[in-house]
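Chemist: need the 3D shape of this:
(one chain, ligands or ions: 1)
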Amino acid sequence: MMSQSNKTNDFAYNEHLPVMVDEVIEYLSPKANEVFVDGTLGMGGHSIRILQKLGSKGLLVGIDRDEKSLAQATERLSDYSHQCHLVHQDFRFIDEVLLGLNIHKVDGILLDLGISSFQLDNPGRGFSLRQAGPLDMRMDQNAPISAYDLINSLSEKEIIAILKEFGEERWANRIARNIVAERSKQPIEYTDELTKIVLKAVPMKGKPQRIHPATRTFQAFRIAVNRELETLEVVIDKCISHLKSKGRLGIISFHSLEDRIVKNKFKMFERANLVRCLVKKPLRPTEEESTINPRARSARFRIIERI
Ligand SMILES: C[S@@+](CC[C@H](N)C(=O)[O-])C[C@H]1O[C@@H](n2cnc3c(N)ncnc32)[C@H](O)[C@@H]1O
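Modeler: All right, here's what the predicted structure looks like:
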């Protein structure tokens, strides 16, 4: 559906450093011969560490809905190819993936939500508000709807709803009004155009100090394009039904909307006596990790164990 001209970009991406990897290993505690799922394979950073613990008779199922990321991870995990199945799929279909591999229950599942540096740092993917690129934002490049489609075709009211619901954006009305005004002149095609529209819409005194004023708008459209929150709601239930007794599910989230869903779902399953929450409050990265890897700064890690 994307009808943009091609503003191509050469890119160099930073290596994606896995977030809170020591905590993931400590709490998910993978052991020799076990079966694990990494639902957000990315560059395989967490998977490598898990595979080392599973040993040659263990098995890791790696899922990613981004084919390019999957190809990168496949190369990176080539030494472990006999120990893993890497699958191009949305993790919301984890049950189909496991069924296809004839696996019913697993010892551990990891979801490290959001996007990787590989995706963020490629301006051609349209995730970054700091680099010009097409308004794409699809994790799965076969998906039919891009950010371009939403921004250029939704009503002002629908854009306001996206900005409020998925970005908690205080200036949603003004930003949506400006988007509609600009697109009436010509379609909004590039990330830098969207950034400028937001900068013009947000009053000086309302500009957030800690984050770029367009951060919430980009987050909101990315969540809408990839239907991230509804996918998360669905997958948690499925993960729990696929855990063995004492099997563990760990989820790393990067903003409060995701963390709220994880927290509420985990509490609900704890009240139903199906799981035990292993931490009362989400674990946070150490100062040291946040300094080395600023992307880790907002990470929150929650873990449950199946009863
Ligand atoms: C933060 S990165 C994971 C990085 C990975 N843990 C590593 O260490 O390299 C998130 C990855 O999950 C993928 N992803 C996000 N949502 C997904 C979903 N619903 N289904 C499958 N993959 C998803 C993204 O495409 C991205 O590659």
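Chemist: quick check: end-to-end length of stretch 202-213?
Modeler: 7 Å (C-alpha to C-alpha, to the nearest Å).
Chemist: mind listing what's buried in that stretch?
Modeler: For stretch 202-213, the neighbour count (16 or more other C-beta atoms under 10 Å) marks V202, P213 as buried. (Each C-beta comes from the backbone N, C-alpha and C, glycine too.)
Chemist: now that stretch: how far from the chain's centre is it?
Modeler: Per C-alpha atoms, centre = their mean, to the nearest Å, the displacement of stretch 202-213 from the mean C-alpha position of its chain is 25 Å.
Chemist: repeat that for stretch 253-269.
Modeler: Chain-centre distance of stretch 253-269: 14 Å, with C-alpha atoms, centre = their mean.
Chemist: interface residues of this protein facing the ligand?
Modeler: Counting by C-beta under 6 Å from any ligand atom, the positions of the chain adjacent to the ligand are 16, 18, 40, 42-46, 63-66, 69, 90-92, 112, 114-116, 139, 231.
Chemist: list only buried entries from those.
Modeler: Buried members of the residues of the chain next to the ligand, counted by 16+ other C-beta under 10 Å: 16, 18, 40, 42-46, 63-66, 69, 90-92, 112, 114-116, 139, 231.
Chemist: so what's L249 up against?
Modeler: Contacts for L249 were tallied using C-beta atoms under 8 Å, 6 or more residues apart in numbering; they are G108, I109, L110, L111, I236, C239, I240, L243, V275, I303, I304, R306.
Chemist: format those as CSV; extra columns: pLDDT, neighbour count and secondary structure.
Modeler: Listed next are these as CSV, based on pLDDT from 0 to 100; neighbours: other C-beta atoms under 10 Å; DSSP: H, G, I helix; E, B strand; the rest coil:
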residue, pLDDT, neighbour count, secondary structure
G108, 98, 30, strand
I109, 98, 27, strand
L110, 98, 28, strand
L111, 98, 23, strand
I236, 98, 21, helix
C239, 98, 26, helix
I240, 97, 19, helix
L243, 98, 22, strand
V275, 98, 23, strand
I303, 98, 25, strand
I304, 98, 27, strand
R306, 98, 21, strand
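Chemist: can I see the domain layout of the protein?
Modeler: Per automatic domain parsing, the domain ranges recorded for the chain read 21-118+228-306, 130-226.
Chemist: distance between the ends of the longest one?
Modeler: Pointing back at domain 21-118+228-306 there. With C-alpha to C-alpha as the measure, domain 21-118+228-306 spans 21 Å from end to end.
Chemist: next: the shortest one.
Modeler: Criterion C-alpha to C-alpha; first-to-last residue distance in domain 130-226 is 20 Å.
Chemist: any idea which residue sits dead centre in the chain?
Modeler: Nearest to the geometric centre of the chain sits G114, at 1.6 Å (C-alpha atoms, centre = their mean).
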